[in-house]
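> I would like the atomic coordinates for the input below:
(chains A and B)
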Amino acid sequence: MKNDAKQSVTASSILSKRPTRRKFLKTALAAGAFGAVPLRGWAADAVNIGALYPTTGGMAQIGVGCVAAAKMAVEMINEAGGIKSLGGAKLNLIVSDVQSDTTVTRTETDRLITSNKLSAIHGCFASALTLIASEVCERAKVPIITGSSSDQLNKGRTYTFTPFARASQFAKAQLQMSKLVSDQPKVAVIFENTAFGTSTSNGLKELAPGEGVEIVMFEPYSAGFTDASPLINKVKASGANALFSVSYLNDLILIVRTVKQVGLNVAINGGSGGFVIPDFYKNVGKLAEGLQGVAHWNHDMDDNAQKVNAEYKKRTGDFLFEYAGGLVAQTYMLADALERAASADPQKVREALSALDVSSGYAAMAPGGKVKFGPDGKNVYGRPVGVQWQNADLASIFPKEDARAPLLKT
Amino acid sequence: MLETVVQAVINGLLIGGIYALVSIGVTLIFGVVKIVNFAQGEFVMIGMYITFFLFSTFGIDPLLSLFISMPVLFVAGALVQHYLIRRVLGPNDMPQIFLTFALSLLLLNLSLLLFTANYRTVHTFYSDEALHLGGLYIPVAKLIAFGVAMALSGALWVFLHTTDLGKAMRAASQKPDVAVLMGINPNRVFAVAFGAALALAGAAGSLLMPFYSAYPFVGQVFVLMAFVAVVLGTLGNVVGALVASLMMGVAESLGIQFIGADSGQIVVFAMLLLTLAFKPSGLGGGRVR
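Numbers count the residues shown, from 1 in each chain, chains lettered A, B, ... in the order given. Take a look at the predicted model:
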């Protein structure tokens, strides 16, 4: 219902040919009704940052957390004095709900760009949505910065920036982690038969021989099943000692619980996405202890990360999860670019972003601690971090230089 | 090899028991009230949320919450029948289809608003336990769910065949006009049938909760299978729906095991098409049995 109300207001604000002040008020009302705009953000010199996240629909769990983190980051920057080269201009976050839907993502990105003067955009966490938002941004020549991992985002784009590890790197890290549990890993790969599942698992399959990992089972399944038992029955028959599951949350919960019921002794690596959010532990409970995954960000990386984690925890009650934490860093990267550009013009912001080179502060909160974009918009230092559920929290355990806790043997 | 087959059959039967609770509800409503209830899955979802909140707030075990979720949904069903369905019954099917479909969407979006899209899981002491027999395993929560599902199906059968109200229900479904002439009040019979069907959905919700997560879309996962089972087992036939549900569970499980993990639904729908091609009225007879 919230959405309907919002859409009708925004639709009328696009269609109306009334004086601009009224239009401005309507947009403000629309955004305000959505809880997005801090009032003081509407000062004359505010810098508008667009935020595209699914806050309703199937991906809402992660999307809502992203918005909370994005707001927190903007407040932190504004409280520290805003963008100094722009006379202390405040950042103004304009949030838009892309409703976990590709069509809505296209229209919302378009609407956000045409009805606001934006300096940059960040979004959308789910690669399928980000790919579309990125296309729209490229055409409109507005820079977009994203933690989405699809390698596709680095092909033929000039306004898209990806400061964190890519999907292909995730696959490699996952394979290397399987050697933590066994010298001769025999891996069963099960994946949902969607674009996400297929591309991720194909990456695993291609890289496995090079990493000396044997894949003994490679099996797509229909996402949203009622029962994981037949699938786990198959894993058992394959003789695997490690299980990679490329799944969304609900399937993964069933898989983990079924593995326990069967009494199967396999090391589970749940990858990223729904596996590395607090909700996973809430649903799986103690069974999650010792399960491994990969992330592009983790809250125990450095002092700054722990600081923002503490603040986020105070606000929401949960630890700062991968995507939301990366988003805080991204907001600081945008602030760094704005500071150097000394302009809110999206073209100048893009140029400043492409020249970004940080190795300290909140903007450098990434595994490896350095961010610098190559010509393809990829962080040349980007790498994933291997994580493990330990005591209801995610601990970084791989690679050695990023490990913050010893591996918990299960 | 044999062990794998037996395990696959066990898995299939256990989940088939849950399909049966949903599909028996759908087929009962179709047999008696002569409408297709597209919202049946959403009532399973409501049963799950009732169970979840009883557990998380009062610590009531999901199995005990059967005694709350079933009566609550029975009353809900009778009310839905009395205040909504009754008004659209008539020669034209369209308003009925739109009504139950709208009800489904309403409940789904309402629960998104109230409960958000988050998954809710219940952990009881038996949730993740299993009996191990030789190389086989039988998950305790699913075994209990299967047992209760079969007991409830049996109770419904006894009710339909031995009580006056049950007989009136069957009469109303077989020859509605004659039943009215014999003094059967169709509105009362319809309300009881709808209530009983939703009580079964509520039971399915409570029984699922120890091993499945609740979320607003969860009903859609189960209702698709239920509709297939209803058609496969002949529309309106309670025993047919039960047998078809178990068959589908087993077919799905064997398909996943021996063809491919994304073939479960292919096997089930191929089974449906073949049955309809060779036995168009389904596997059972055409009456409420």
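> And A:A165, its phi and psi?
Per-residue torsions, A:A165: phi -60, psi 150 (degrees, to the nearest 10).
> Where does the prediction get shaky in the stretch 1-150 of chain A?
Low-confidence segments of the stretch 1-150 of chain A, defined by pLDDT under 70, are located at A:1-44.
> Quick check: A:D336 vs A:K370, distance?
Note on A:D336: its distance to A:K370, by CB to CB, to the nearest Å, is 13 Å. In short, each C-beta sits where N, CA and C put it, glycine included.
> Need the overlap of contacts for the two.
Between them, A:D336 and A:K370 share the neighbouring residues A:V358, with contact defined by CB atoms under 8 Å, 6 or more residues apart in numbering or on different chains.
> Show me which of those two is the more surrounded one.
For the pair A:D336 and A:K370, the greater number of neighbours falls to A:D336 (21 against 15), based on other CB atoms under 10 Å in any protein chain shown.
> Show the average pLDDT along the strand or helix carrying that one.
Per DSSP states H and E: A:D336 is located in helix A:322-341. For helix A:322-341, the mean per-residue pLDDT is 96.
> Repeat that for stretch B:239-251.
Stretch B:239-251 shows a mean pLDDT of 93 in the predicted model.
> How about residues contacting that stretch?
With CB under 8 Å, 6+ apart, stretch B:239-251 has contacts from B:8-9, B:11-17, B:19-20, B:22-24, B:26-27, B:153, B:157, B:225-226, B:228-230, B:232-234, B:267-268, B:271, B:282-285, B:289.
> Among those residues, which ones lie close to chain A?
Counting by CB under 8 Å from any CB of the partner chain, B:8, B:11-12, B:14-15, B:19, B:225 from these sit close to chain A.
> can you tell me which of these are in helices?
Those of these mapping onto helices are B:8, B:11-12, B:14-15, B:19, B:225, per DSSP state H.
> Could you dump those residues into CSV and include pLDDT and neighbour count?
Converted to CSV, these look like this (pLDDT from 0 to 100; neighbours: other CB atoms under 10 Å in any protein chain shown):
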residue, pLDDT, neighbour count
B:A8, 91, 22
B:N11, 92, 29
B:G12, 94, 27
B:L14, 95, 26
B:I15, 93, 30
B:Y19, 94, 30
B:M225, 88, 26
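> Kindly present the residues you listed as a markdown table, with separate columns for distance to B:F98.
Supplementary listing: those in a markdown table, determined by distance: CB to CB, whole Å:
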| residue | distance to B:F98 |
| --- | --- |
| B:A8 | 40 |
| B:N11 | 38 |
| B:G12 | 35 |
| B:L14 | 36 |
| B:I15 | 31 |
| B:Y19 | 26 |
| B:M225 | 23 |
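> which of those lies closest to A:Q347?
Compare each of those with A:Q347 using CB to CB and the shortest gap goes to B:M225, at 54.1 Å.
> my guess is the closest one contacts B:S23, does it?
Yes. Counting by CB atoms under 8 Å, a contact exists between B:M225 and B:S23, whose distance comes to 7.5 Å.
> what about chain B, any weak spots by pLDDT?
Counting by pLDDT under 70, chain B contains low-confidence residues at B:284-289.
> Now do the contacts for residue 214.
No chain specified, so I'll use chain A. The contact partners of A:E214, by CB under 8 Å, 6+ apart, come to A:184-187, A:208.
> that's the other chain; I wanted chain B
Taking CB under 8 Å, 6+ apart, we find B:A214 in contact with B:45, B:48-49, B:51-52, B:119-121, B:205.
> And B:A76, by the same measure?
B:43, B:46, B:195, B:198.
> Write the PyMOL selection for whichever of these are buried.
The buried residues among the contacts of B:A76 can be selected in PyMOL (16 or more other CB atoms under 10 Å in any protein chain shown) with this line:
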select buried, chain B and resi 43+46+195+198
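> just to revisit the earlier point, also within reach of chain A: list those from the contacts of B:A214.
Among the contacts of B:A214, chain A is touched by B:119-121 when using CB under 8 Å from any CB.
> now those residues as JSON lines including secondary structure and neighbour count?
Formatted as JSON lines, the ones next to chain A among the contacts of B:A214 follow (DSSP: H, G, I helix; E, B strand; the rest coil; neighbours: other CB atoms under 10 Å in any protein chain shown):
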{"residue": "B:Y119", "secondary structure": "coil", "neighbour count": "20"}
{"residue": "B:R120", "secondary structure": "strand", "neighbour count": "21"}
{"residue": "B:T121", "secondary structure": "coil", "neighbour count": "22"}
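> A:W297: which of those residues is nearest?
Here the nearest of the ones next to chain A among the contacts of B:A214 to A:W297, counting by CB to CB, is B:Y119; it sits at 22.8 Å.
> before we move on, back to that, which one of the contacts of A:E214 sits closest to B:V32?
When the contacts of A:E214 are compared against B:V32 (criterion: CB to CB), the nearest one is A:V187, at 52.7 Å.
> Which members of the contacts of A:E214 are classed as buried?
Taking 16+ other CB under 10 Å as the criterion, what is buried in the contacts of A:E214 is A:185-187, A:208.
> Which of those fall in helices?
Counting by DSSP H, the buried ones among the contacts of A:E214 place A:A208 in helices.
> May I ask which two of the buried ones among the contacts of A:E214 are separated the most?
Pairwise distances among those were taken by CB to CB; the largest, 10.9 Å, belongs to A:K186 and A:A208.
> got the residues of chain A near chain B?
For chain A, the contact set with chain B under CB under 8 Å from any CB comprises A:1-2, A:56-58, A:60-61, A:190, A:193, A:219-222, A:224-227, A:229-231, A:233-234, A:237, A:249-250, A:253-254, A:257-258, A:260-263, A:279, A:282-285, A:287.
> In PyMOL, how would I select the buried members of the residues you listed?
Selecting the buried subset of the residues of chain A next to chain B in PyMOL, with 16+ other CB under 10 Å as the burial test, is done by:
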select buried, chain A and resi 56+57+58+60+61+190+193+219+220+221+222+225+226+227+229+230+231+233+234+249+250+253+254+257+258+260+261+262+279+283+284+285+287
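> Please list the members of the residues of chain A next to chain B that lie in helices.
A:2, A:60-61, A:229-231, A:233-234, A:237, A:249-250, A:253-254, A:257-258, A:260-262, A:279, A:282-284.
> domain parsing for chain A?
Residue ranges of the domains in chain A are recorded as A:36-165+A:303-372, A:167-295+A:385-402, according to automatic domain parsing.
> Run through the residues that contact residue 182.
Here I'm looking at chain A. A:241-242, A:267.
> my bad, chain B
B:A171.
> got it, and the one 5 residues further on?
Contact partners of B:N187, counting by CB under 8 Å, 6+ apart, are B:82, B:86.
> what's around residue 83, how many residues?
Since you didn't name a chain, this refers to chain A. Counted with other CB under 10 Å, residues neighbouring A:I83 total 26.
> Hmm, no, I was thinking of chain B.
A count of nearby residues for B:Y83, using other CB under 10 Å, gives 9.
> ditto for A:T103
A:T103 - counted by other CB under 10 Å - has 10 other residues nearby.
> Return the residues of the stretch 1-150 of chain B in contact with chain A.
For the stretch 1-150 of chain B, the contact set with chain A under CB under 8 Å from any CB comprises B:4, B:7-8, B:11-12, B:14-15, B:18-19, B:109, B:112-113, B:116-121, B:123, B:127-130, B:132, B:137, B:139.
> re earlier: now the contacts of A:S182 in TSV, please, with extra columns for pLDDT and neighbour count.
Conversion of the contacts of A:S182 to TSV gives the following (pLDDT from 0 to 100; neighbours: other CB under 10 Å):
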residue	pLDDT	neighbour count
A:N241	93	18
A:A242	95	26
A:A267	93	21
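> Redo those as a markdown table? Include secondary structure.
Converted to a markdown table, the contacts of A:S182 look like this (DSSP: H, G, I helix; E, B strand; the rest coil):
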| residue | secondary structure |
| --- | --- |
| A:N241 | coil |
| A:A242 | strand |
| A:A267 | strand |
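> Can you tell me which of the residues you listed comes closest to A:A173?
A:A242 (13.7 Å).
> Lovely, talk soon.
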